[in-house]
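A.B. asks: turn this into a structure:
(chains A, B, C, D and E, ligands or ions: 5)
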Amino acid sequence: MLEAAELECERGGWVLFRGLSFALRAGESLRVAGANGSGKTSLLRILCGLLPPAGGAVSWRGTPIARLREEYSSQLVYLGHAPAVKDDLSAAENLAISCALAGMPAESKAIEEALARFGLAGKTQPSRRLSQGQRRRAALARLALSASRPLWLLDEPFSALDTAGVALLRELIEAHLARSGAVIFTTHQDAGIATARVIDLDRAS
Amino acid sequence: MLEAAELECERGGWVLFRGLSFALRAGESLRVAGANGSGKTSLLRILCGLLPPAGGAVSWRGTPIARLREEYSSQLVYLGHAPAVKDDLSAAENLAISCALAGMPAESKAIEEALARFGLAGKTQPSRRLSQGQRRRAALARLALSASRPLWLLDEPFSALDTAGVALLRELIEAHLARSGAVIFTTHQDAGIATARVIDLDRAS
Amino acid sequence: MLGVARTLIYRDLLLAMRRRGDVATALLFFVIVASLFPLGVGAEPNLLRSIAPGVIWVAALLSAMLSLGRLFAADHADGTLEQILLGAAPAGVVALAKGFAHWLVSGLPLVAIAPVIALQYDLPSSLYGVLALSLLLGTPVLSMIGAIGAALTLGVRGGGVLLALLVLPLYVPVLILGAGSVEMAAAGLAPDGQLLLLGALLVFTAAFAPWAIAAALRISVE
Amino acid sequence: MLGVARTLIYRDLLLAMRRRGDVATALLFFVIVASLFPLGVGAEPNLLRSIAPGVIWVAALLSAMLSLGRLFAADHADGTLEQILLGAAPAGVVALAKGFAHWLVSGLPLVAIAPVIALQYDLPSSLYGVLALSLLLGTPVLSMIGAIGAALTLGVRGGGVLLALLVLPLYVPVLILGAGSVEMAAAGLAPDGQLLLLGALLVFTAAFAPWAIAAALRISVE
Amino acid sequence: MTTAIRWFWYASPHTFFPVARTLARWCAVAAALFAIAGLYVGFLVAPTDAQQGEAYRIIFIHVPAAWMSMFLYLVMAFWAAMGFAFNTRLSGMMASAIAPTGALFTFIALWTGALWGKPTWGTYWVWDARLTSELILLFLYLGFMALKAAIDDPRRSDRAGAVLAIVGAVNVPIIYYSVQWWNTLHQGASVSMTRAPSMAAAMFTGMILMALAFWMYSIAVILMRVRCIIMERE
Ligand code: HEM
Ligand SMILES: Nc1ncnc2c1ncn2[C@@H]1O[C@H](COP(=O)(O)OP(=O)(O)OP(=O)(O)O)[C@@H](O)[C@H]1O
Ligand SMILES: Nc1ncnc2c1ncn2[C@@H]1O[C@H](COP(=O)(O)OP(=O)(O)OP(=O)(O)O)[C@@H](O)[C@H]1O
Ligand SMILES: [Mg+2]
Ligand SMILES: [Mg+2]
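C.D. replies: Ligands and ions are numbered 1, 2, ... in the order given. Sure thing, here's the model as predicted:
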């Protein structure tokens, strides 16, 4: 599905990695490892098309993503470091809006269910009054509604989650792999997901 | 050193915990556990005097902290969820300023060393161009200069750190305990620190 | 695609409502600037009447500029902007929707309140129409041009001044045409020329600004 | 304690430098507001001269108010405010230092540039002194009063308007006294009364505002 | 295809570098020669104007500077757009190098115009369409430079600058045609490609010579500046 060919990433005048190539097939997951500042986040942003690589290309089912643009975006879900949760909106409003913006509007019932799965049922307060972990849960709840998107790109999704949250997320990821989606994620902890491949950026550079 | 008596915490109309009492002696560490939203952060903020408890009191060496104010602040270091790192300043500037604001100005050589320990030597760019983990390292570097503060309160200090970072922080904490400081921290991962006590807020409420 | 644009507009209005203020800020600022002048200048009616069109238009300009800083900054900081750009709509549509929402919140209220200010300055009521029309045509231009500047200065050192430096020169024609049309009408002449030009400016910016905004937004999340 | 205050002021100035803009923003805004008026109002020298003191003071007021939003908000959002309140200095000292830094960045430059604006409006040079003095006495009051409002509205819904609503009524006396003193001098009378009152206002706010700011800040981090 | 390859070959900073220096030298010499000739014609050969006396001689600076200010903006926007579309590194550098010279000529046009306005219109400044739009041009140049200076990452700074340059290009036709579209105080075009010039031949020659001098000066300075930028970045 996704192919990276000879990727090179440069930030602030430093080359973070160079000549990075891999291919990801349906049903496979990939973990990006590396020390702080090794370029994991940068790689994920390149893969989803936010950051143009300094060299090389990413292709989706054979076509370079630079040409696909919105068509490619509509195949993926990217969750970054920043949870993209608006302080002034409740978790449900946040979820409804982020789904609609991604082009897959959800029924309010589906939204309720997704939030309930993440332990946020009945939290109607504005998100500024959620704890750190609850905010991350509110962002992750989108995954429960994203079964139809083949590619998930998750940047440290496990951070700030308690053990129950980690287990829940692992379940979601495994279910997605089982329905032949593809997942790329970064994490410093051992997430306990059997990944097809690990890219270690400390060694790639 | 630190005593909490019958603490009660209420947020947004919900009682998070009630009747929480404990005492912490020099050289002891305490881990606050609990699910997302159980009130770990709130407890830490109560302990450092930012949030007045709904009931009960915290005392430091026998005196209620509400009376000590700055005197108590000058005994502790609190590092919260938010790294308190200014985007526009470099890591060194951030560290120098946060030390000076805390009332323990540091030599620029000491600052260099502390940053070098955290792998930030030579990072002179504004912090906005650091990776997530590097920002957290910049915040944590303050601990390397805080040996003289008996009480450390750390809210999820291990998040966003790579394994080397976790090991380093653990070392710092253990050294602090060895010199009979006291540390209270929250974490969802197992930090591998032999703590005197664990407070589980899921059961306290 | 239209669904996305609608959601975006709905969301921005909802946020403006939530922060309650934000709708009112631009409006209040406008009213305040316009009201402070008589306090500072002294309340001589003839003097006030002759400076009224200028004051009102300068106030509109400032209040549009004031809210630009927040236009994309919050979305940029909390990661929402990336999500929007990775969303289902082309960035140009997103830009147009954001600009439109900004106008709804910060421009439209000014059009509605302007006659009240005109009253305060004792302008003849025959001018209310021209004033409102000139604002109706001019404020969306301010929003769209401003959005270009806001997008270009996102996350850039010295954002504030830079934004003003980039945007204000481009605002000057709007100010001259807008205030000019009212003054023209006050002098008893037909303000058609100015209003037509304002209209042309509006069509032009609505067609081309979204492209520039979109390009600038893409650059900002790199 | 004084060390902390010094660090805080140094830090705020450093940050202002880094964002380059921020020093210049207030100043640039002031200059722009003052310069836009001739564009909107028309460049008749007599008219301009008679509105000059009012325009200059309104511009000073707005530019002070404009920068209030950022006074504590950034520190609040990134957790620095907690650290400052947990620092070695009592909150009152912190408040005074922040207010002073705000004035250094946003008020003092106005005092320096005001004569240039006065020149642009063709004011007689005998008035420059009074204008500068009135700004020197008045702008710190604007900073301190503004800081109370900024602290009270931290993280509160509808911060923007609320801030303006809280702060502006308190600003009006300063505006009237400030612009009044210059107009008095322009009319050939002694502006001592107004200037004395401004001075008294300054002493009063410097003594009491820090306390109010400190209380508001403590509430905001709860 | 082959032309495209040659195009990109020249678009690479390294091949460009040595070519630039030779070219810059020759242009500098040419600029000096044209300037001497132009000033000679302008101040010694051209006749005194019937209405304006000697004051009109400012035209030999004013008009060529005004032409350059607009033309250089278009060239800058062109390079910026090329860089934006094709990601060639040299294009962004060219745009950066042109901006200061463009700003300089804009400033000269404004300044000489203001000086000229005092004797002819009785005032240094009026808010008329041509004057205002020329002033906006100056701010656009300054904004372009400020924006580029505020972004450290060269590639990002090139791209952001390009957007601004392209947006601002709208202003140039407004300056040029403002005298036709509005009835301004400023005078309309008297030199045109299609009509015979309506002014004295000597005046015309002087203006053209000065324009050529400004051209050569611009090319020389811009090439030197590009060389500096290349050295800085590579
Ligand atoms: C600050 C004030 C002024 C500015 C910004 C300005 C700007 C310009 C510009 C942009 C042009 C070139 C336009 C073109 O090629 O058609 C131009 C040309 C010219 N300007 Fe000015 N000008 C100013 C003042 C004056 C004054 C006071 C005079 C004389 C009364 C004057 C006389 C001319 C003439 C004769 C031309 C040549 C027109 C032609 O032959 O095409 N300008 N000016
Ligand atoms: N500012 C606030 N105002 C009102 N309620 C709040 C506020 N902050 C948090 N809460 C609520 O208080 C509860 C505890 O929050 P707290 O941040 O202490 O949790 P936590 O244990 O640190 O969780 P996490 O593991 O997610 O960080 C949560 O249920 C949250 O909804
Ligand atoms: N916006 C930026 N501009 C320039 N350089 C940047 C920017 N963001 C990050 N960097 C630099 O790029 C490098 C990689 O950053 P990145 O965020 O990809 O790291 P990471 O592997 O995700 O680290 P972490 O584990 O800390 O999240 C870092 O050294 C950082 O200093
Ligand atoms: Mg990262
Ligand atoms: Mg917490």
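A.B. asks: what ranges do the helices span in chain A?
C.D. replies: Defined through DSSP state H, the helices belonging to chain A, from first to last, are A:40-47, A:65-68, A:70-73, A:91-101, A:108-117, A:132-140, A:163-178, A:201-204.
A.B. asks: does stretch A:62-82 come close to chain E?
C.D. replies: No - with Cβ under 8 Å from any Cβ of the partner chain as the criterion, chain E is not reached by stretch A:62-82; the gap is at least 10.7 Å. (C-beta placed from N, C-alpha, C; glycine too.)
A.B. asks: model confidence over that stretch, on average?
C.D. replies: Stretch A:62-82 comes out with an average pLDDT of 89.
A.B. asks: pLDDT at residue E:65, what is it?
C.D. replies: Predicted confidence (pLDDT) at residue E:65: the value is 95.
A.B. asks: nearest to ligand 1, of the helices of chain A?
C.D. replies: Distances from ligand 1 to each of these were compared using Cβ to the nearest ligand atom; the shortest belongs to helix A:65-68, at 40.6 Å.
A.B. asks: export the closest one as CSV, just CAs?
C.D. replies: Presented in CSV, the C-alpha positions along helix A:65-68 are these (Å, rounded to 0.1, in the frame of the first residue of the first chain):
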residue,chain,number,x,y,z
ILE,A,65,1.4,11.2,-2.7
ALA,A,66,2.4,14.7,-3.9
ARG,A,67,0.1,14.1,-6.8
LEU,A,68,-2.8,12.6,-4.9
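A.B. asks: any idea how far it is from the middle of the chain?
C.D. replies: 19 Å (Cα atoms, centre = their mean, to the nearest Å).
A.B. asks: how about it, does it reach chain C?
C.D. replies: No - between helix A:65-68 and chain C, judged by Cβ under 8 Å from any Cβ, nothing touches; the nearest distance is 11.4 Å.
A.B. asks: pull out the buried residues from that helix.
C.D. replies: With burial defined by 16 or more other Cβ atoms under 10 Å in any protein chain shown, the residues of helix A:65-68 counted as buried are A:65, A:68.
A.B. asks: same check, this time on stretch C:28-43
C.D. replies: C:28-42.
A.B. asks: quick one, phi/psi of residue E:109?
C.D. replies: phi -60, psi -40 (degrees, to the nearest 10).
A.B. asks: for chain E, what spans make up the helices?
C.D. replies: In chain E, the helices defined using DSSP H lie at E:2-10, E:13-40, E:59-86, E:89-121, E:129-150, E:154-168, E:171-181, E:201-233.
A.B. asks: dump the helices of chain A to TSV, plus distance to chain D.
C.D. replies: Formatted as TSV, these follow (distance: least, Cβ to the nearest Cβ, whole Å):
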stretch	distance to chain D
helix A:40-47	19
helix A:65-68	33
helix A:70-73	29
helix A:91-101	15
helix A:108-117	22
helix A:132-140	12
helix A:163-178	23
helix A:201-204	27
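A.B. asks: dump the residue contacts of the closest residue to residue A:127 other than its chain neighbours.
C.D. replies: The shortest distance from residue A:127 to any residue that is not its chain neighbour, by Cβ to Cβ, 6 or more residues apart in numbering or on different chains, is 5.0 Å, and that residue is residue A:85. The neighbours of residue A:85, taking Cβ atoms under 8 Å, 6 or more residues apart in numbering or on different chains as the test, are A:91, A:94, A:127, A:135, A:138, A:139, C:78.
A.B. asks: what separation do you get for residue A:85 and ligand 1?
C.D. replies: To ligand 1, residue A:85 is 51 Å away according to Cβ to the nearest ligand atom, to the nearest Å.
A.B. asks: likewise residue A:82?
C.D. replies: Here residue A:82 is placed at a distance of 47 Å from ligand 1 (Cβ to the nearest ligand atom).
A.B. asks: number of nearby residues for that residue?
C.D. replies: 17 (other Cβ atoms under 10 Å in any protein chain shown).
A.B. asks: again, but for residue E:208
C.D. replies: As a burial measure, residue E:208 scores 16 neighbours (other Cβ under 10 Å).
A.B. asks: next step: the buried residues of stretch C:28-43 restricted to helices.
C.D. replies: The helices, defined by DSSP H, take in C:28-41 from the buried residues of stretch C:28-43.
A.B. asks: closest to chain B among these?
C.D. replies: Distance from chain B was checked for each of those by Cβ to the nearest Cβ. The minimum falls on residue C:29, at 26.8 Å.
A.B. asks: how about the strands in chain C?
C.D. replies: With strands called from DSSP state E, chain C shows none.
A.B. asks: quick check: phi and psi on the closest residue to chain D within chain E?
C.D. replies: Among all residues of chain E, residue E:127 sits closest to chain D, at 6.2 Å; criterion: Cβ to the nearest Cβ. With angles defined as degrees, to the nearest 10, residue E:127 sits at phi -90, psi 60.
A.B. asks: how about the residue lying closest to it once chain neighbours are set aside, what does it touch?
C.D. replies: Leaving aside its chain neighbours, residue E:127 sits nearest to residue D:39 (6.2 Å; criterion: Cβ to Cβ, 6+ apart). For residue D:39, the set of contacting residues under the criterion of Cβ under 8 Å, 6+ apart consists of C:54, C:58, C:172, C:175, C:176, C:179, E:127.
A.B. asks: farthest pair within those residues?
C.D. replies: Looking at the contacts of residue D:39 by Cβ to Cβ, the two members farthest from one another are C:58 and E:127, with 14.0 Å of separation.
A.B. asks: between these two, which one's more packed in?
C.D. replies: In this comparison of residue C:58 against residue E:127, neighbours counted by other Cβ under 10 Å, the higher total goes to residue C:58 at 26 against 14.
A.B. asks: quick one: buried residues of stretch A:104-122?
C.D. replies: Buried residues in stretch A:104-122 (16+ other Cβ under 10 Å): A:104, A:105, A:106, A:111, A:112, A:113, A:114, A:115, A:117, A:118, A:119, A:120.
A.B. asks: sorry, that was for stretch A:168-175
C.D. replies: Neighbour-count burial for stretch A:168-175, counted by 16+ other Cβ under 10 Å, picks out A:168, A:169, A:172, A:173.
A.B. asks: give me the low-pLDDT residue ranges for chain C?
C.D. replies: Applying pLDDT under 70 to chain C flags the ranges C:1, C:20-23, C:157-161.
A.B. asks: just chain A next, same as before
C.D. replies: Scanning chain A with the threshold set as pLDDT under 70 gives A:196, A:203-205.
A.B. asks: who are the contact partners of the residue of it found nearest chain E?
C.D. replies: At 6.6 Å from chain E, residue A:12 is the closest residue in chain A, using Cβ to the nearest Cβ. The contact partners of residue A:12, taken as Cβ under 8 Å, 6+ apart, are B:125, B:129, E:152, E:153.
A.B. asks: tell me which parts of chain E are close to chain D?
C.D. replies: Taking Cβ under 8 Å from any Cβ as the contact definition, chain E meets chain D at E:126, E:127, E:150.
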